[in-house]
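Asker: Provided below for reference: sequence and predicted model.
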Amino acid sequence: MKKIETIIRPSVFGSVRQALALEGIDGLSVTEIAGIGKQEGRIGMFRGNTYKMEFSPKLKLEMVVEDSKVEAIIEALLDYAATGEVGDGKIFIFPVEEAIRIRTKERGDVAVG
Amino acid sequence: MKKIETIIRPSVFGSVRQALALEGIDGLSVTEIAGIGKQEGRIGMFRGNTYKMEFSPKLKLEMVVEDSKVEAIIEALLDYAATGEVGDGKIFIFPVEEAIRIRTKERGDVAVG
Amino acid sequence: MKKIETIIRPSVFGSVRQALALEGIDGLSVTEIAGIGKQEGRIGMFRGNTYKMEFSPKLKLEMVVEDSKVEAIIEALLDYAATGEVGDGKIFIFPVEEAIRIRTKERGDVAVG
Ligand SMILES: Nc1ncnc2c1ncn2[C@@H]1O[C@H](COP(=O)(O)OP(=O)(O)OP(=O)(O)O)[C@@H](O)[C@H]1O
Ligand SMILES: Nc1ncnc2c1ncn2[C@@H]1O[C@H](COP(=O)(O)OP(=O)(O)OP(=O)(O)O)[C@@H](O)[C@H]1O
Ligand SMILES: Nc1ncnc2c1ncn2[C@@H]1O[C@H](COP(=O)(O)OP(=O)(O)OP(=O)(O)O)[C@@H](O)[C@H]1O
Ligand SMILES: [Mg+2]
Ligand SMILES: [Mg+2]
Ligand SMILES: [Mg+2]
């Protein structure tokens, strides 16, 4: 099992979620985060004044999946989360030692869905 | 050291917290997340209309603990977070390479509490 | 690559952020969390009444960095996040298997910034 963590723009969430569902993902967590990246280094214009952005609101999606699904999910995220502009975000893959479904006490791959 | 991450129903938080305290856990982080799972596939009724739920509010608890405590904490979570209904959530175990207490600069197991 | 996760006091965020920028960190995520720690075991006073604190608001910073930067970032965090009072928080280091920049599909160390 792996944990896939992705930071995306809020604007792409709807299509990313649909793409993940088509890949068979029906369990994930969504958290609103304040993102700091290259995007915030840029000077913006607001009501005629220049300002330096401090944060961009982003969504963090976290899902634990079987090893065999990881590459397909990365492809789906790359297809649906990219706009081509700075600030599209990241995908990070982490090792997972165990997953347990609280309702049934099942462990391992069967606990993930 | 391991990181234990658990997604639970907000309604069980009080008893889960007490159970964790009894296992000697006095450091953890709690985050409100929007959960997507099988639970959201179901059609609900609200004021006479059917609707498809989009998210369920859940709590994510994160705690880094010594290896020797992991199984007892899993047992406590299974005992106090389960209701038997779909949507009870998950427990995930992750490897940790280092833990540091900022106040004292201590590292390793002693830094966890 | 490693993930550095740190729980800090909101009051030190400004100087921690500057210190991280000086170490070349220009990508991170900030999440507001409810912290439970030794700090909450203490009895506080509010409007003449004693009360037991339940949570302390903390910030969780998450950043994925190249292995070679980890120790310098730990030093920067220890320098700028410590006040010496109970509740200064923690630094945790986690293994990372892959990082991908969504905009360019680049993988590995070059995807981190
Ligand atoms: N190394 C990192 N570790 C953790 N989170 C990061 C990291 N880099 C970026 N992020 C997150 O991703 C968001 C987008 O970052 P950024 O604006 O740099 O865009 P990007 O996709 O990295 O753009 P670019 O394509 O130019 O690198 C940030 O707001 C931050 O939340
Ligand atoms: N694979 C997963 N990765 C990350 N988070 C998940 C995953 N599966 C479920 N979750 C989280 O757990 C919450 C509960 O999921 P779900 O409704 O599927 O319940 P469940 O406990 O998996 O139910 P069931 O017992 O039928 O599987 C979700 O809202 C989501 O936040
Ligand atoms: N083992 C842990 N796992 C995850 N998060 C923790 C852990 N211990 C502490 N934390 C987080 O760090 C915050 C600060 O914890 P605490 O008040 O214990 O301070 P501390 O820095 O551990 O103090 P002390 O220096 O006395 O240990 C907590 O509110 C919690 O969010
Ligand atoms: Mg499920
Ligand atoms: Mg402590
Ligand atoms: Mg970047």
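Answerer: Alright, I've got the coordinates. Numbering: from 1, shown residues only, chains lettered A, B, ... in the order given. Ligands and ions are numbered 1, 2, ... in the order given.
Asker: for the residue of chain A found nearest ligand 4, which residues are in contact?
Answerer: Of all residues in chain A, A:Gly27 sits closest to ligand 4, at 4.7 Å by C-beta to the ion. Glycine gets a C-beta too; all of them are placed from N, C-alpha and C. Counting by C-beta atoms under 8 Å, 6 or more residues apart in numbering or on different chains, A:Gly27 touches A:Met63, A:Val64, A:Val112, A:Gly113, B:Ile36, B:Gly37, B:Lys38, B:Lys90.
Asker: what about the nearest residue in space to the fifth one that is not next to it in sequence, how many neighbours?
Answerer: Which is B:Ile36. Excluding its sequence neighbours, the residue lying closest to B:Ile36 (C-beta to C-beta, 6 or more residues apart in numbering or on different chains) is A:Leu28, at 5.1 Å. For A:Leu28, the neighbour count with other C-beta atoms under 10 Å in any protein chain shown is 21.
Asker: wait, A:Leu28 sits on A:Glu62?
Answerer: Yes. A:Leu28 lies in contact with A:Glu62 (C-beta atoms under 8 Å); the separation is 6.4 Å.
Asker: tell me which helix or strand in chain A has the weakest average pLDDT.
Answerer: strand A:43-46 (a mean of 58; mean pLDDT, DSSP states H and E).
Asker: picking that back up, for A:Met1, see how far away the residue nearest to B:Ile36 is.
Answerer: If you measure A:Leu28 against A:Met1 using C-beta to C-beta, to the nearest Å, the figure is 14 Å.
Asker: now do A:Lys60
Answerer: 19 Å.
Asker: same question, A:Pro57
Answerer: 30 Å.
Asker: next one: A:Thr104
Answerer: Taken as C-beta to C-beta, the span from A:Thr104 to A:Met1 is 17 Å.
Asker: got a list of what the closest residue to A:Arg101 other than its chain neighbours touches?
Answerer: The shortest distance from A:Arg101 to any non-neighbouring residue, by C-beta to C-beta, 6+ apart, is to A:Ala111 (4.1 Å). Residues in contact with A:Ala111 (C-beta under 8 Å, 6+ apart) are A:Ala99, A:Ile100, A:Arg101, A:Thr104, B:Lys90.
Asker: how would you label the first one: helix, strand or coil?
Answerer: Of the three states, A:Ala99 takes strand according to DSSP: H, G, I helix; E, B strand; the rest coil.
Asker: what's opposite it in the beta bridge?
Answerer: Assessed by DSSP bridges, A:Ala99 has beta-bridge partners B:Phe92.
Asker: flag every residue of chain A that's near ligand 2.
Answerer: A:Gly27, A:Leu28, A:Ser29, A:Glu62, A:Met63, A:Val64, A:Arg101, A:Ile102, A:Arg103, A:Val112 (C-beta under 6 Å from any ligand atom).
Asker: any chance of the residues you listed in CSV, plus pLDDT and secondary structure?
Answerer: Output for these, formatted as CSV (pLDDT from 0 to 100; DSSP: H, G, I helix; E, B strand; the rest coil):
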residue, pLDDT, secondary structure
A:Gly27, 95, coil
A:Leu28, 96, strand
A:Ser29, 97, strand
A:Glu62, 98, strand
A:Met63, 98, strand
A:Val64, 98, strand
A:Arg101, 98, strand
A:Ile102, 98, coil
A:Arg103, 98, coil
A:Val112, 95, coil
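Asker: who wins for neighbours among those residues?
Answerer: A:Ile102 leads those on contacts (other C-beta under 10 Å) with 25 neighbours.
Asker: phi, psi of that one?
Answerer: As for A:Ile102, its main-chain torsions (degrees, to the nearest 10) stand at phi -60, psi -40.
Asker: name the nearest residue to it, sequence neighbours excluded.
Answerer: B:Asp88 (4.1 Å).
Asker: a helix runs through the one you found, doesn't it?
Answerer: No. Going by three-state DSSP, the assignment for B:Asp88 is coil, not a helix.
Asker: neighbours around it, how many?
Answerer: Neighbours around B:Asp88, by other C-beta under 10 Å: 21.
Asker: hmm, it is touching B:Tyr80, no?
Answerer: No. Counting by C-beta under 8 Å, B:Asp88 stays clear of B:Tyr80, with 10.9 Å between them.
Asker: pull up the per-residue confidence for the residue nearest to A:Ser11 when sequence neighbours are not counted.
Answerer: Counting by C-beta to C-beta, 6+ apart, A:Ser11 lies nearest to A:Thr83, which is 7.8 Å off, once chain neighbours are set aside. On pLDDT, A:Thr83 comes in at 97.
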